[in-house]
Structures are given as C-alpha cells and as structure tokens.
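Trainee: From the sequence below, what's the structure:
(chains A and B)
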Amino acid sequence: MKLKVNGRAYETDADADTPLLWILRDELKLTGTRYGCGDAICGACTVHFNGVPTRACRLPLSAASEGDITTIEGLSEDGSHPVQEAWRRHNVPQCGFCQAGQIMSASALLARNASPSDDDIDSAMSGNICRCGTYPRIRAAIHDVAKQGEDAS
Amino acid sequence: MNPVVRLSRRRFLALTGVSASGLLLGGLVSGESYAATHGSEASGQRLNLFVSLLEDGTVEIIAHRSEMGTGIRTSLPQVVADEMEADWARVKVVQALGDAAYGSQNTDGSRSIRNFYTTMRQMGAAAKQMLEAAAAERWGVPLEQCRAEQHRVLHSDGRALGFGELAAAAAQQEVPDPAALTLKSREQFRYIGRDVPMVDLHDITTGKAVYGADVTLPDMVYASIERTPHLGGRIASYDGTAARKVRGVLDVVELKAPEGAPGFNNVEGLAVIARNTWSALKGRKALQVKWTPSEHSEHNSEAYLDALQEKVRSGPGQVARERGDVDAALATAGKVIEAGYRTPYLAHAPMEPPVTIAVVRGEGCELWAPTQNPQATQAAVAAALGLDKAMVKVHVTLLGGGFGRKSKPDFSVEAARLAAHVGKPVQVAWTRGDDIRHDYYHSCSAMFLRAALDEEGNTTAWLARQATPPIGSTFDTSVNLMEDGDLSQTFGSVPFAVPNLRVESHEAPAHTRIGWLRSVYNIPFAFGVCSFVDELAHAAGRDPAEYWEAMIGEDRHLDFAPEGFEFSNYGRPIAEYPYDTARLKNVLRTLVANIPWGEKLPAGQGWGLAVTRSFLSYVAVASKVSVADGKLQVLEMHGVIDAGTVVNPDRVQAQMEGGMIFGLSVALLGQIDFEGGAVKQSNYHDYPVARIQHTPKTIRSHIVPSEALPAGVGEPGVPPVAPSIANAVFAATGKRIRELPLSQHFSV
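Mentor: Residues are numbered from 1 along each chain as shown, chains lettered A, B, ... in the order given. Sure thing, here's the model as predicted:
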C-alpha cells in the first residue's frame, strides 16, 4: 500500500487495518508522533491529514493512504514554523512528550483561524492532554503567534 | 599515560564528589581515581558528577539525574558551568548511564537541586581552578595572576588561553581540596538565578527528542503483555493458538512473577512477541487467559474506604505525636468540631506509558528506558537475570513524564526477562490500559479530625487520625501502618500552636502495589488538614487567612522531638533546614497581599486557600471558583513558593504552574476504583486528567526571593491545591466537600 508523508512517497506491506501511528513509528522511524492512549483521547499522535488535525492512532492505513500526511518532522525544515518558534519563546515544554501533538493541533488551528480567542483555543486544544500542565503557556504561545501575524500584516 | 584517555574516549578533566551519603561532597578525586573505581562499587567511593573538556573547547557536563520535565538536565549543568566560567553556548550535556559511582541518581523527592547544588558548584569551581593552574604552569607565572573568564584563562598582562588549549594540561593538575575552593559570590553568578532555556527545547519542538520507545535496535521485536488483573494472580491456564495465527506474531511467552512482596519485580503475565507493535497488540487481543484468585482478588475500594473511615472515626489508633491532654481538653470544651475526609487511589498516568528496550548479549544485559532511577533498574534487572550489577548497562532516555511511576522498574524487568528468553532485542511497550491498570497506586486514605474551640473560637485541642495503606507494603507485605516518616508529610507535622495535640495511625493492609506519586502522602493529608482548618475558621466565625496565622502562632523553629515524633524532614537535618513558621506565614501573607482576598463576590463564587510545607519548601495556594447549576469551574489559581535559593526561576515557575494543574487533576478528576481486585478504569476517558478547558485563565505563581539553602520545587506546588479548591467551594456555596475528587459532587 502507498503512503505520502511529509511530501515523500512510501510503500508498505503492512495490514490495511494498521493504524497510521505504527507505520510512522515502527516502519518509517518518524518517532516524533507519539503513542499516548491508542484511542484518540489524548492527542499525542496528532498529525495533519489533508491539513486537518487527525489522531494517527485511529487512522487505519487503508484510509491514510488516500491523503497527504504531515508529521512534526515535516511541519518545517528546521523547526522554524511560527508555532515552533513561539513554543520556544514561551518555554512551553516540560517533559515534552505531548508537545509534537500540541504543536500540530495549534498549527492547524492557526491555519484556519489566525486570531483565536481563549475559547477558540480551549476548544481546538481540548483533545490534547499535557500531564505536566503546560496549558497556560500553550494559550500564551498561540496568542503570541496570532499577534505576530497581525503585526506582520 | 594520561589516565583520562584510558578512562574514556575523550579527554577528561575531572572531578568528583565523594561521600558516604552521596549528599555532600567529602572530597574531590582525580580522573585517575575515578578510572580506578568506575564500575567497581566495592571501593565504596562515589562519583557525583564529572566534567570533561574536549580539545575543541567543548565542555561536556554529565547530567546524572533523569529529565522528566523539571528541566534538571539544564539546571544542574547550569550550576557547574557558572562556577567553572564555561560559556554555556559551548557546553554539551551528556546523560549518564546508571552507575552507583555517581551517588544517588534517583530523580525523585524533589531533591536534585537541594542535594546537589553545592556539589555541582564545587565541581565547577574545582575544574576552573585546575584550568587556572594549567595556564599558570604554561606561562610560568604565579596562580594568583591567572583568572578564568568565559571559557578562557586570562593573565593580568592580557595574555589568554582557551579552555580547549588547556584541556590536556588541566587534566594533569592536582585535584583541589574542596574545602579550599573559593565559590562565587551571588553578584558573580552568570547563570545561577537566570532563565536558561532547557537544553532539549529545540529537539522537543521538532519531534527529534528521544524518549523510551524511540530507540530501535537491529532485529528488535515487539512485546505486548497481558497481566494479572489482581495482585498475586497467576496464570491458571491459557490458549495462545489464535494469537500465534495473527500475522506477524512470533511467539507467546509466559512471564512468571517471583514469590514474595511485589517490589520492583514484574507481575505475572503472558507476552505476545511480534515483528511490530500492531501485530503484538492484535495477537494479545486473541489470547485466552485464566488467572488464579489471590488474597487480593476480592478487593473493593469503596467498601475498603468505608471500613477505614469507620475505623478512624470510632476508636483510638497508635499514637505518633502527643502534646498536652487532648482528651481532657475535648471533654471540657465549649465547642467540639469533627469531620471525616477521604481520598481515592490515584494513577500517575504520565503521557509516555512505561517502555523499555532490552537486549541480552553474552553475559550482560543492556537496556534503554525512561527511568527516574537507573540504578534501581540495574539492580532489579541484575537480580531477575542472576547477573552481577556491573553486567547490566542502563541508558536513560528522556522521560515523557514520571511523577514517581518511572522510579519503579518493573517494566524494565519484563523487557530483560523477555530479551533473555527471545535472544533478540525486545521492546516492551505498555498500552495506556496497562499503565492505568498496573500502576503502583497513590494510596487511598481515610482521615478523622476532631478539635476543641474556646469562647473566642481558638483551637485548644487537635486530634487527628488516619488509616492509609503505606508504600512500605510494596516491599514488605507485613507493613500496614503509617509511621513517623510517612506522617512527616503534613499529617503528623502540623505546625499548630495549639496546647493539646495528638496524631494517631490505624492499620490499613494493602491490596495493590502502593507507590509514591508527585508529593506523595501530602496529597491526602493536606486535603484533610487544610480543609479542617478552614472548617474551624468558619466555626469560629473568623477569616480563614487570619485563622491560619493564629493556628501557626508565633515565629519559631518547630521541635517535634519532645512530642515523641521523629520528623523525617525529607531526609535533611532539621538544623540545616528548620521548619520555620515565619517563612510559612510569609508565603500566606504574600499570597493574600497578591489577590483580592475578602473581595465581595457574586453569589456562587468564592475564594479558598491552603498552606503547606513539603520537600522543605513553603507554599500557599488560593483558588477562586464559581459554582452554577451544579457546574464547578476554577476561575483563578495563585501560588506562592519559598524554595530558598532558586537556580532557574523560569523552570521553578513552570513547576509551580504544572504542580498546580496536577493538583487540579487531583482535586477535580482523579479516582481509581477497584472491584474484584481489579482496577475499573482503563484510559483517559474514565481516568480523566486536567485538560486545557479545566485550566483557569488566570494562573499565577510568585517566587519569594531568598538566599536560604535551596529546597524542593517539583512537588510542593501540588498539596495545597485540592484543599484550596474545596475551601473555595465552601465559600461559594456553603457546601463542605470532604472527599475527592470533586467530580463526584459537581460537573467539572
């Protein structure tokens, strides 16, 4: 079965019901996408599927092979996506394990809503758990990206 | 021959702390001595840290503690670099293997900075002095004319040599006597006290950071394990036929558990070994297993807590601390107030579930694990495989959260046993269900408090009883009573200036593996104690903040000994870290000054506060809540911490924010239930933790400026949170909630 990840084409003979997460991690060694719950509850495995934030742990290969997938490794060449930069400016991460998923959700939010309110942020980010409790800085970093966008325009 | 070269692939300058306790630097030994002792524990010498210097000028600083989000991989090297006058941009942090030579590596108990701050300063200062001595020798000038500054040694006439140029010569210098070292004054600090960003920040934000499951080895196979649902269960029978037929499944392997206390051993299970994760998970679903019952297979947590609560209410327990005559004071009191509190079992639920990669080659075992305690992993694996500890090599990856779970290496023992069986590298990865159902649970607790008030409402007697299954039971099944060391976490160490006081313990036999979780017994005990003080304030018709001050009384250092209580003080001497009521009252006053305490609020809103000392730090937290139509919302949280000297204020702020949000999970949501000996919950849907929408829009923390010795930071933010919220709920509604989580009473 074919797969397109971060602009590159791959071929896999894995079972069609295999969740995308395990193809990314076990086969492609794109380990920035994390396993946290296996049931689309925690958001640690969030990728962009045709631009939409999607939980890779519940997206079977059969469905995944029909679209474009972007993982944290493909969000930017060198970590220069505005969300990644804002995450560093605000020292958001603690343990960091959930942060790739958080960044993927936040970047998808900002792509469709350049200036989200606190409630917009809570709603878009409610599927991403951070056990360390970095939520206040996640909010601040997202607002910061939005503000920089406004300043630039 | 340069001993340094013999020791490792790189040139190496230095310096180690030696002491029996591993807490204080008793002397500095050279790289040569280190080489002699490294890997040979029999010598008894302990290396706390070493610094190495490459000829290109790169300073490698060993991080011997585990990074699970506190920033410790940055903060301790930051201390070394400061004293060494190393340029932070040219520092590379290298993670240590598990090795007793480093002293304790158990990253737990909020003790990395408090136990290693001075040691690390001495490491840096010693390295600096050796560099200065090397430069003096090269130039043929007196040492006094040489001074290290930002990665160079300067001579008073303007000459300079880079650290890299001095590497080989510095390694040959005599190791200074730590007593003779001159440490910097505060004004000279370059990095200590500054917000140095975490060294892993870029890797984390780009997905490159390496956690446990990100390590792969050639020919590695994947294991998923079905485990006994109740403690002590054994495989009665199983059928692995269907599992073996799943594509990619290689084998089904029985994983026996040894007899005796659980300790850090694996529990009994049946492992499916496969070519990839998905095959292992599918094969596991196809397993048929029957388990034998055990003495714990009838455990029902609700009935168990009911029984404990009845026990503490109805009769006296074993006395742990006593002052005056509580019974007489209660018998003659104008007003007696009493209340029972209870808190449930909790699971750690770090975002990264337990995972280990192990390989057994020849006589040795090598592991990669997100462990808080690599030496415990080493010891447990050595014991399980019958190996000498020196033959077990433990690599510490980044930890996707720990909170105490990952200092228990049962999951690494599983991987080692399977690797020995399979003869290939094995990854054992726990599912979230495995993590929630096979934790070392934070203990449940039942408490009962009774107090006498005089006519002014002052407390004249304080009686406190609890029954709580102790952590000790995990290592010795006969342990069933909280002792002074356990009670030193708030319940027994209350700082109250009341004339009559007694603290008692009732037996509480354990029916699961009990473990420590971020701030440990302080969670239930602060909930009981700080709720009850609030109840007393209201019963007396007084402001809770004012009442807290009255309860704490005048400025003094507490002395528990005359009351028969052995206060453990988080492992530090009381003379070094006194329990100082002035500092306790100061965080309370600072808190109240920073919030509109006493403000007039609309109906259904209220403020509540709580004050604790844990891990040697003083913390006060206030929460503002609203309750409307049965819905509880936390609107604001404010914390004040006095942690003594802080190394990295931004990371202290982050730990306070995170600690308060961890406490929010405890207060609102956390609950593990047992039925038929098995845990009912299985994932984040039925074991919810705080999400962004639970988090107050206003969450602030304030660090009290202090030059006192550094104290704990990772845990102290947690304990006051739940009582502050419950007290706020009372202020908002007049409804007193005496059990956690609050989701049993409100929608959250």
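
Trainee: for chain A, what spans make up the helices?
Mentor: Assigned by DSSP state H, the helices in chain A fall at A:20-22, A:61-64, A:72-75, A:82-89, A:99-112, A:118-125, A:135-152.

Trainee: residue in the stretch 251-400 of chain B nearest to chain A?
Mentor: B:Gly400 (2.9 Å; C-beta to the nearest C-beta). The C-beta positions use only the backbone N, C-alpha and C, and glycine is treated the same way.

Trainee: ugh, wrong one, I meant chain B
Mentor: B:Gly207 (2.1 Å).

Trainee: Assess the claim that that residue and A:Ala100 are in contact.
Mentor: Yes - B:Gly207 lies in contact with A:Ala100 (C-beta atoms under 8 Å); the separation is 4.6 Å.

Trainee: circling back to that earlier point, of all the helices of chain A, which one comes closest to B:Trp607?
Mentor: When these are compared by C-beta to C-beta, helix A:135-152 sits nearest B:Trp607, at 19.5 Å.

Trainee: Mind listing residues that contact the closest one?
Mentor: The contact list for helix A:135-152 (C-beta atoms under 8 Å, 6 or more residues apart in numbering or on different chains) reads A:82-83, A:86-87, A:89-92, A:102, A:106, A:109-110, A:114-116, A:118, A:121-122, A:125, A:130, B:654, B:657, B:661, B:690-692, B:695, B:697, B:699.

Trainee: contacting residues around A:Ser126?
Mentor: Contacts for A:Ser126 were tallied using C-beta under 8 Å, 6+ apart; they are B:Arg691, B:Ile692, B:Gln693.

Trainee: For these, pick the one with the most neighbours.
Mentor: B:Ile692 (24 neighbours; other C-beta atoms under 10 Å in any protein chain shown).

Trainee: just to revisit the earlier point, mind checking how far the nearest residue to the residue of chain B closest to chain A once chain neighbours are set aside is from A:Ile142?
Mentor: Spatial nearest neighbour of B:Gly207, excluding adjacent residues (C-beta to C-beta, 6 or more residues apart in numbering or on different chains): A:Gly32 at 2.1 Å. Applying C-beta to C-beta, to the nearest Å, the value for A:Gly32 to A:Ile142 is 20 Å.

Trainee: Check B:Tyr577 too.
Mentor: Taking C-beta to C-beta, one finds B:Tyr577 at 40 Å from A:Ile142.

Trainee: same check, this time on B:Gly71
Mentor: Using C-beta to C-beta, B:Gly71 is found at 22 Å from A:Ile142.

Trainee: cool, and B:Ala213?
Mentor: Distance from B:Ala213 to A:Ile142, counting by C-beta to C-beta: 28 Å.

Trainee: quick revisit: what's the least confident stretch among the helices of chain A?
Mentor: Here the helices of chain A differ in mean pLDDT, and the lowest is helix A:135-152 at a mean of 94.

Trainee: how about that one: buried residues?
Mentor: Within helix A:135-152, the residues that count as buried by 16 or more other C-beta atoms under 10 Å in any protein chain shown are A:Tyr135, A:Pro136, A:Arg137, A:Ile138, A:Arg139, A:Ala141, A:Ile142, A:His143, A:Asp144, A:Val145, A:Ala146.

Trainee: Let me know the closest of the residues you listed to B:Pro354.
Mentor: Checking these one by one against B:Pro354 (C-beta to C-beta), the nearest turns out to be A:Tyr135, at 24.5 Å.

Trainee: Note down every partner strand of the strand or helix carrying B:Ala464 and its orientation.
Mentor: Per DSSP states H and E, B:Ala464 falls inside strand B:459-467. Its sheet considered, strand B:459-467 pairs with strand B:445-453 (antiparallel), strand B:500-506 (parallel) by DSSP bridges.

Trainee: Dump the C-alpha coordinates for the longest one into PDB.
Mentor: Output for strand B:445-453, consisting of C-alpha atoms alone and laid out as PDB, is shown next (Å, rounded to 0.1, in the frame of the first residue of the first chain):
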ATOM      1  CA  SER B 445      -6.700   7.500  52.700                       C
ATOM      2  CA  ALA B 446      -9.400   7.900  55.400                       C
ATOM      3  CA  MET B 447      -8.900  10.700  58.000                       C
ATOM      4  CA  PHE B 448     -10.800  11.800  61.000                       C
ATOM      5  CA  LEU B 449     -10.200  15.100  62.800                       C
ATOM      6  CA  ARG B 450     -11.700  16.500  66.000                       C
ATOM      7  CA  ALA B 451     -11.000  19.900  67.600                       C
ATOM      8  CA  ALA B 452     -12.000  21.800  70.600                       C
ATOM      9  CA  LEU B 453     -12.700  25.600  70.400                       C
END
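
Trainee: starting at the chain centroid, how far to that strand?
Mentor: 28 Å (C-alpha atoms, centre = their mean, to the nearest Å).

Trainee: Quick one: mean pLDDT for it?
Mentor: 98.

Trainee: what comes up buried for that strand?
Mentor: B:Ser445, B:Ala446, B:Met447, B:Phe448, B:Leu449, B:Arg450, B:Ala451, B:Ala452, B:Leu453.

Trainee: Pull up the gap between the residue most central in space within chain A and A:Ser65, please.
Mentor: Central residue of chain A (C-alpha atoms, centre = their mean): A:Met104, 2.3 Å from the mean position. A:Met104 is 20 Å from A:Ser65, where distance means C-beta to C-beta.

Trainee: Please apply the same query to B:Ile61.
Mentor: Relative to A:Ser65, B:Ile61 is positioned 46 Å away (C-beta to C-beta).

Trainee: give me the number of residues near B:Arg556?
Mentor: So B:Arg556, with other C-beta under 10 Å, has 14 neighbours.

Trainee: Just confirm it contacts B:Leu584, I think it does.
Mentor: No - at 10.5 Å, B:Arg556 does not count as touching B:Leu584 under the criterion of C-beta under 8 Å.

Trainee: Stretch B:186-198 vs chain A: in contact?
Mentor: Yes - Stretch B:186-198 reaches chain A (C-beta under 8 Å from any C-beta of the partner chain) through B:Asp195, B:Pro197, B:Met198.

Trainee: Under the pLDDT cut-off, which ranges of the stretch 1-150 of chain B? List them.
Mentor: Scanning the stretch 1-150 of chain B for pLDDT under 70 picks out the ranges B:1-50.

Trainee: Can you tell me which residues in it are near chain A?
Mentor: Within the stretch 1-150 of chain B, the positions near chain A by C-beta under 8 Å from any C-beta are B:Glu67, B:Met68, B:Gly69, B:Thr70, B:Gly71.

Trainee: who's in contact with the fourth one?
Mentor: The one in question is B:Thr70. Counting by C-beta under 8 Å, 6+ apart, B:Thr70 makes contact with A:Gln94, B:Ser112, B:Arg651, B:Gln655, B:Val713, B:Gly714.

Trainee: Quickly check these for the two that are furthest apart.
Mentor: A:Gln94 and B:Ser112 (14.6 Å).

Trainee: what's the neighbour count on the closest residue to B:His230 other than its chain neighbours?
Mentor: Computed as C-beta to C-beta, 6+ apart, the closest residue to B:His230 that is not its neighbour in sequence is B:Gly677, at 3.0 Å. If you count neighbours by other C-beta under 10 Å, B:Gly677 ends up with 22.

Trainee: Ok, B:Thr58 next?
Mentor: The number of residues near B:Thr58, taken as other C-beta under 10 Å, comes to 16.

Trainee: is it true that it touches B:Val93?
Mentor: No - counting by C-beta under 8 Å, B:Thr58 does not reach B:Val93; the two are 11.0 Å apart.

Trainee: Near chain A, which residues of the stretch 501-650 of chain B are found?
Mentor: B:Asp650.

Trainee: What ranges does the stretch 501-650 of chain B have for its strands?
Mentor: Counting by DSSP state E, counting those that start in this stretch, one finds strands in the stretch 501-650 of chain B at the ranges B:605-614, B:617-628, B:631-642.

Trainee: Quick one: those strands as TSV, columns for mean neighbour count and mean pLDDT too.
Mentor: Below are these laid out as TSV (neighbours: other C-beta atoms under 10 Å in any protein chain shown; pLDDT from 0 to 100):
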stretch	mean neighbour count	mean pLDDT
strand B:605-614	26	98
strand B:617-628	27	98
strand B:631-642	23	98
